[in-house]
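# From the sequence below, what's the structure:
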Amino acid sequence: MDIIDIGIKFTYILLGVATLTAIIMPLITALSNDPKSLIKSAAGLGAILLIYLIGYLLAGNEVTAKYVEFGVDSRISQMVGGVLITMYIMMIVALVGIVYSEVKSIIQ
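Presented below is the predicted three-dimensional model:
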């Protein structure tokens, strides 16, 4: 184990701590200040999960011989397809929102 391996493992640890802190600290703050604000966060998370479920159900589960070499089965293929479709849906929603807000600001 050389210095690069130690650095990479230390980076993974710091990334995990930062991720947990970014998730847990706002929850603690919201619980202490305004617990009702968590309802909006839960609704947003639920909407994202619903969009992923739609993407997962629309995705195909085809696996080619090339993918089998890398250990990809039909379940993983459908999960990846679901994530891609979710990304496409979210990108379209974002673009429509941007165009809508620009048109609305021009009209007003």
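# going forward, measure contacts between C-alpha atoms and count neighbours the same way
Will do.
# Check the protein for its longest helix and report it.
What stands out as the longest helix in the chain, according to DSSP state H, is helix 74-107.
# Just list what that helix packs against, helices and strands only.
Counting contacts by 3 or more CA pairs under 8 Å, 6 or more residues apart in numbering; DSSP states H and E, helix 74-107 packs against helix 37-58.
# can you do 10 Å?
If you count contacts as 3 or more CA pairs under 10 Å, 6 or more residues apart in numbering; DSSP states H and E, helix 74-107 packs onto helix 37-58, helix 65-69.
# Kindly tell me how buried G55 is, as a neighbour count.
23 (other CA atoms under 10 Å).
# again with V63
15.
# any idea which helix or strand carries it?
For V63, there is no helix or strand it lies in under DSSP states H and E.
# lowest average confidence, helix or strand, in this structure?
helix 65-69 (a mean of 86; mean pLDDT, DSSP states H and E).
# Show me what that helix is packed against.
helix 74-107.
# got the buried residues for stretch 57-72?
A59, G60, N61 (16 or more other CA atoms under 10 Å).
# Switch the residues you listed over to a markdown table; also include pLDDT and distance to I23.
Compiled in a markdown table, these are given as follows (pLDDT from 0 to 100; distance: CA to CA, whole Å):
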| residue | pLDDT | distance to I23 |
| --- | --- | --- |
| A59 | 93 | 29 |
| G60 | 89 | 32 |
| N61 | 88 | 32 |
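# mind checking how far S101 is from I89?
18 Å (CA to CA, to the nearest Å).
# and the two? which has more neighbours close in?
Neighbour count, other CA under 10 Å: between S101 and I89, I89 has more, with 16 against 12.
# Got the domain ranges for this protein?
1-35, 36-108 (automatic domain parsing).
# Buried deepest among those, which one?
Among the domains of the chain, ranked by average contacts under mean count of other CA atoms under 10 Å, first place goes to domain 36-108 (a mean of 14).
# and that domain, how far apart are its ends?
Termini of domain 36-108 sit 33 Å apart (CA to CA).
# Which helix or which strand is home to V17?
helix 3-33.
# Show me what that helix is packed against.
Counting by 3+ CA pairs under 10 Å, 6+ apart, helix 3-33 packs on helix 37-58.
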